[in-house]
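A.B. asks: A predicted structure for the sequence below; I have some questions about it.
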There are 2 protein chains.
Amino acid sequence: MRGIYSNAWPATTTFMQTAPRKARNSSSPTRRKGAAVTIHEVAQRAGVSPMTVSRVVNGNANVRAATRELVMRTVRELNYTPNAAARSLAAASGTRIALIYTNPSSAYLSELLVGALDGASKAATQLVLDTWDHMTRATERAAARKIAQSVAGVILPPPLCESKAVCSELVAAGIPVVAIASGRFQPDISGVRIDDFRAAQEMTEHLLSFGHSRIAFIKGHPNQTASGLRYEGYQAAMAAAGIPVDPTLVQQGFFTYRSGLEAAEKLLARKKPPTAIFASNDDMAAAAVSVAHRRGLDVPRDISVVGFDDTPTATTVWPELTTVRQPIAAMAASSIDLLLRSIRRRKDGEARVVVDHVVAHLLVKRDSVAAPPG
Amino acid sequence: MRGIYSNAWPATTTFMQTAPRKARNSSSPTRRKGAAVTIHEVAQRAGVSPMTVSRVVNGNANVRAATRELVMRTVRELNYTPNAAARSLAAASGTRIALIYTNPSSAYLSELLVGALDGASKAATQLVLDTWDHMTRATERAAARKIAQSVAGVILPPPLCESKAVCSELVAAGIPVVAIASGRFQPDISGVRIDDFRAAQEMTEHLLSFGHSRIAFIKGHPNQTASGLRYEGYQAAMAAAGIPVDPTLVQQGFFTYRSGLEAAEKLLARKKPPTAIFASNDDMAAAAVSVAHRRGLDVPRDISVVGFDDTPTATTVWPELTTVRQPIAAMAASSIDLLLRSIRRRKDGEARVVVDHVVAHLLVKRDSVAAPPG
DNA sequence: TTGAATTTTGATAGCGCTATCACTACGCTC
DNA sequence: GAGCGTAGTGATAGCGCTATCAAAATTCAA
C-alpha cells in the first residue's frame, strides 16, 4: 500500500519555496510530544483511507461490516479522539449551542451551567449563553429569530420552554430545540425531564408513611406545566391513601421565597395547622421553615417541611431539607448530546426526530421530616 | 492588488480532477447565507493580506499604526469575529482555560460561570470546568500538575487561590494563573478582586450613619484572606468613629449558613444584644435574619443585618439584604481576558507579567437596615 | 547618498478533519 | 452478456486560520 501522504507534491517553482513546517513521513510519523492521535495514523494502521475512518467514526455512511470492525478496533488501540476544532471547521457546521435563560438568580442555574458546560466541552461544542429578561412576546419572537441564525441548536430551561411563541419561532427556523426540565412532553420539541408527577407522588407517600395526614401543598408558578404535574402527583397520592384533600391546605405559590413566605404564613396561621408542608420547590420550602421558626415551631418536631429540586438552598437552611433531586447537571449534559445528534441527523437530511427523555429522580431524605407531633 | 487567492494552482493531471467545492472569486466573494465573515473578506476590504489582519486581531506583532487602524476599522465595519475552530486548529495551541472550583454550592458559582462563559465565548476560547473536592494537599498538587498539561491558563476562585501548594505548582508548570476575588494581591499570580477592606469599611460607616454603635461582626472563614480584610475594614471604621469594638460582639463564622446560625445565636442570646449585625457574607447574614425572626425580632425594626457579596441569597430572603455587590461575572470575564493576554505574551516569549486588577464594588442598600430601636 | 539594519507586509503551506466526486466491484435485469 | 444500478472505498480539495520565512519598505548610520 502506498502511504497516505506520498511526497508527490507538484514541484512547481512558485510553490514549495519554503520548507514544509513539519516533515511528513508516512512510514514513521513523528508526533509532537503530547499531541493527539490523528485520523491519518488510524487510517495508516488500519490500512484504509482517512475517509473510511471518518465514516466509521461518524457512523453514518455505508462501510462494510468487516472494515468497520477493523477500524473500530484500531481506534480503540490507538485511543483516537477526533479533534473537535478540525471537525467543526471541516464540517463547516458552526456547532454552537445556545442556552437561553430568564431569571438568572434561579437556584439551579449554576448546576445547569455546570452540566451544559461539561457536556459541551466533552463534545467540543461551543456553548453560548443568552439572558432574556423582561421581554414581551414580540421581543421574544424577535430574539428567537435572531438566535436561530447564529446557533445550530438551543437548550430551553423553564419557563422559556413553555412559551409557545419562542418554541414555534425556533421550530419554524428549523433548528433543533431541547426543553430541559419542562413538565410535559411537547409535540414539536425534544425534552429531557424527570417524571414530576411520579416524584411528587412519592414524596407525598413518604410523608404519609410517617403518619402525616394533614399535608399542606404549596403550588408552583402556574406558567409552568411542572407545577401542575407536581400538584397532581400530590393529589393522586392523597387519593390513593384515602385522605380527602382539604382545599384550604393548598396554597398558590410562585416558586419564589417571598411567595412561599406568604403561603406558609396563611397555612400556619390556621387554627388547626398542617403537620407537614410540601412545597413545590426548595426556595418555598425554605420560606416555610423560616415562618415555622418565627412562630416558635421546631422543624421537624412540630412540623415537617419538604421541598423539590434539591437546589443549594436545600442544604443551606437548617434543618437541611428532604427534597426531590432533579439531576439538572446530567440533564443539561444529556441535552447537549441530544441536540448534537439531532443537528448531525439534520445535516444528513434525515427527518426531524423528537424525543422525550425522562431521567430518574431521587428522593433525598434529610432532616426536615419526622412523625407528626402527639 | 492581486486577489488573495489567484487561480494559480498547478494544473498537474493528477490534481484538480474534481471541481473546487466552492468557486472562489476574489472580486466578489459569494457568502453562504448566515456564514460568518472571514479573515479574507476583511483583508480584501482593507487591501491587506489575511496575515496582516491576523496580526492585528491578535495584537501582538509589529504592524504599522496606520495599517492597524485601517484593519481595526474594517473589522468593526464587517463585524468580523475570528472562527474559534480554525484558530485553535491552525495555532495548534489548544487555548483552553480551566476554571477550578471547590464547594460547588457556593452561592456565587453561577455568576462566576456566567461571567467566565461570556468572556470565553467572546474570546473564542474553550472553557473547561474542574471540581476539586475533598482533596489533600498532595492530591491538589497532583491535580494541579495534571491540569497544567491540558490547559493554557487557569482561573482560581477562593478558597483554592489561597492554597500555596496549588499556586506554586501551577506557576512552576509555567502556565498563567488568575486568582479571582482573592483578598490580597499575591506576588506570583495575577488577580482580579475588589477592595475588601474599603468595602467593609464603607458598610460599617453606613451602619454607623444610621446611629448604630453596638455593631456585631461575624467573621468569614479564616482560610481566606478576604475574611481578614473585611474584618479589618470593620475595625478601621469603628476606630475612626471612636467606638471601641466589644470583642464579644465579634464571632467567628465560616461563610456557611450553619456557622452564621451559631454565631447569630450567641450574639442575640446576650443580655444586651447588638443593634446591628454585619456578616462577612450573605449566607451568614441570611442565617442571622432567621435567628432574629426565631427570637421574635423584626428586621430591620429591632435589629439591622447586612451581608457581603450580593449573591442570590441576598434577594431571596425577606427582608432583602443590604450588602456589598462584588461584580463576580464581570470579574470572571475580565480574568479570561487577562489570562488570554498573558498566554499570548508567553507564546511570544515575553516575560511573565503579574497584574493586580482591583475593580469597583458597590454598596447595595435594601431593606434590612434601619435606625436602632429606641 | 549609499549600504546595512530593521521593521512591516505578504506568499505559501498546513493544522485535522469532512464534502465531493471518481472509481471499483459486485450484483441485478432483460 | 451488455447495460445499469448500487454499495464500498479512495483521492483531492478546502474549512478559516496562523507559522514560517521571503520580500518589500522603511529607518538609520556613516
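C.D. replies: The structure has been received and is ready for your questions.
A.B. asks: What is the helix-or-strand element of chain A with minimal mean pLDDT packed up against?
C.D. replies: The weakest-scoring helix or strand in chain A, judged by mean pLDDT, DSSP states H and E, is helix A:84-91 (a mean of 79). Applying 3 or more CB pairs under 8 Å, 6 or more residues apart in numbering or on different chains; DSSP states H and E, we find helix A:84-91 packed against helix B:84-91. Just so you know, the C-beta spots here come from the backbone N, C-alpha and C atoms, and that holds for glycine as well.
A.B. asks: Any part of the helix it packs on near DNA strand D?
C.D. replies: Yes - against DNA strand D, helix B:84-91 shows contacts by CB under 7 Å from any atom of the strand at B:86, B:87, B:89, B:90, B:91.
A.B. asks: Select only the buried ones of those in PyMOL?
C.D. replies: In PyMOL, this line selects whichever of the residues of helix B:84-91 next to DNA strand D come out buried by 16 or more other CB atoms under 10 Å in any protein chain shown:
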select buried, chain B and resi 86+87+89
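A.B. asks: can you count the residues close to the nearest residue to residue A:270 once chain neighbours are set aside?
C.D. replies: Spatial nearest neighbour of residue A:270, chain neighbours left out: residue A:248 (7.3 Å); criterion: CB to CB, 6 or more residues apart in numbering or on different chains. By other CB atoms under 10 Å in any protein chain shown, the residues close to residue A:248 number 12.
A.B. asks: State the distance from residue A:248 to chain B.
C.D. replies: 24 Å (CB to the nearest CB, to the nearest Å).
A.B. asks: Please apply the same query to residue A:298.
C.D. replies: Separation of residue A:298 from chain B (CB to the nearest CB): 10 Å.
A.B. asks: and the closest residue to that residue other than its chain neighbours, what element?
C.D. replies: Among residues not flanking residue A:298 along the chain, residue A:292 sits closest, at 7.8 Å (CB to CB, 6+ apart). According to DSSP states H and E, residue A:292 maps onto helix A:282-294.
A.B. asks: For the helix or strand just after that helix, give the mean pLDDT please.
C.D. replies: Note on helix A:282-294: by DSSP H and E, the next helix or strand toward the C-terminus is strand A:304-306. Here strand A:304-306 scores 98 as its mean pLDDT.
A.B. asks: Next: stretch A:132-149.
C.D. replies: 84.
A.B. asks: Go through that stretch and flag the buried ones.
C.D. replies: Applying 16+ other CB under 10 Å to stretch A:132-149 flags A:132, A:135, A:140, A:141, A:143, A:144, A:147, A:148 as buried.
A.B. asks: what residues does that stretch touch?
C.D. replies: A:98, A:100-104, A:130, A:154, A:160, A:163, A:165-166, A:169-170, A:173-175, B:34 (CB atoms under 8 Å, 6 or more residues apart in numbering or on different chains).
A.B. asks: which of those are close to DNA strand C?
C.D. replies: Near DNA strand C, judged by CB under 7 Å from any atom of the strand, there are no entries from these.
A.B. asks: Quick check on those residues: which are buried?
C.D. replies: Using 16+ other CB under 10 Å, the buried ones in the contacts of stretch A:132-149 are A:98, A:100-103, A:130, A:154, A:160, A:163, A:165-166, A:169-170, A:175.
A.B. asks: tell me the least confident of those?
C.D. replies: For these, the weakest pLDDT value sits at residue A:103, with 74.
A.B. asks: and residue A:284, how many neighbours does it have?
C.D. replies: Neighbours around residue A:284, by other CB under 10 Å: 32.
A.B. asks: And residue A:41, by the same measure?
C.D. replies: 18.
A.B. asks: my read: it touches residue A:77, true?
C.D. replies: No - between residue A:41 and residue A:77 there is no contact under CB atoms under 8 Å: 10.6 Å.
A.B. asks: which residues do those two both contact?
C.D. replies: Counting by CB under 8 Å, 6+ apart, no residue touches both residue A:41 and residue A:77.
A.B. asks: quick one: average pLDDT of the helix holding residue A:292?
C.D. replies: The model assigns helix A:282-294 a mean pLDDT of 95.
A.B. asks: What separation is there between the residue nearest to residue A:270 and residue A:287?
C.D. replies: Separation of residue A:248 from residue A:287 (CB to CB, to the nearest Å) stands at 19 Å.
A.B. asks: cool, residue A:137 as well?
C.D. replies: 30 Å.
A.B. asks: Near chain B, which residues of the stretch 201-350 of chain A are found?
C.D. replies: Counting by CB under 8 Å from any CB of the partner chain, the stretch 201-350 of chain A comes close to chain B at A:256-258, A:261, A:283, A:286-287, A:290, A:293-294, A:296, A:312-313, A:315-318.
A.B. asks: Secondary structure added to the buried ones among the contacts of stretch A:132-149, as CSV?
C.D. replies: As requested, the buried ones among the contacts of stretch A:132-149 are exported to CSV (DSSP: H, G, I helix; E, B strand; the rest coil):
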residue, secondary structure
A:98, strand
A:100, strand
A:101, strand
A:102, coil
A:103, coil
A:130, strand
A:154, strand
A:160, helix
A:163, coil
A:165, helix
A:166, helix
A:169, helix
A:170, helix
A:175, coil
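A.B. asks: Save those as CSV, and put in distance to chain B too.
C.D. replies: What follows is the buried ones among the contacts of stretch A:132-149, written out as CSV (distance: CB to the nearest CB, whole Å):
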residue, distance to chain B
A:98, 10
A:100, 13
A:101, 9
A:102, 13
A:103, 10
A:130, 10
A:154, 15
A:160, 16
A:163, 21
A:165, 22
A:166, 20
A:169, 16
A:170, 15
A:175, 11
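A.B. asks: Just name the closest of those to DNA strand D, please.
C.D. replies: Each of the buried ones among the contacts of stretch A:132-149 was checked against DNA strand D using CB to the nearest atom of the strand; the closest is residue A:175, at 18.9 Å.
A.B. asks: my read: that closest one touches residue A:150, true?
C.D. replies: No - using CB under 8 Å as the test, residue A:175 is too far from residue A:150 to be in contact (10.0 Å).
A.B. asks: hang on, the earlier thing: quick one: which two of the buried ones among the contacts of stretch A:132-149 are the most distant?
C.D. replies: A:103 and A:175 (23.2 Å; CB to CB).
A.B. asks: what's the domain layout of chain A?
C.D. replies: Under automatic domain parsing, the residue ranges defining each domain of chain A are A:1-87, A:94-195+A:329-361, A:196-326.
A.B. asks: Of those domains, flag the one that's most buried.
C.D. replies: Of all the domains of chain A, domain A:196-326 has the most neighbours on average by mean count of other CB atoms under 10 Å in any protein chain shown, namely a mean of 22.
A.B. asks: got the end-to-end distance for that one?
C.D. replies: Distance between the two ends of domain A:196-326: 9 Å, counting by CA to CA, to the nearest Å.
A.B. asks: So, low pLDDT: which residues of chain A?
C.D. replies: Applying pLDDT under 70 to chain A flags residues A:1-35, A:60-61, A:92-95, A:104-107, A:122-124, A:347-351.
A.B. asks: Which part of chain A gets nearest to DNA strand D, residue-wise?
C.D. replies: Counting by CB to the nearest atom of the strand, chain A gets nearest to DNA strand D through residue A:62 (3.0 Å).
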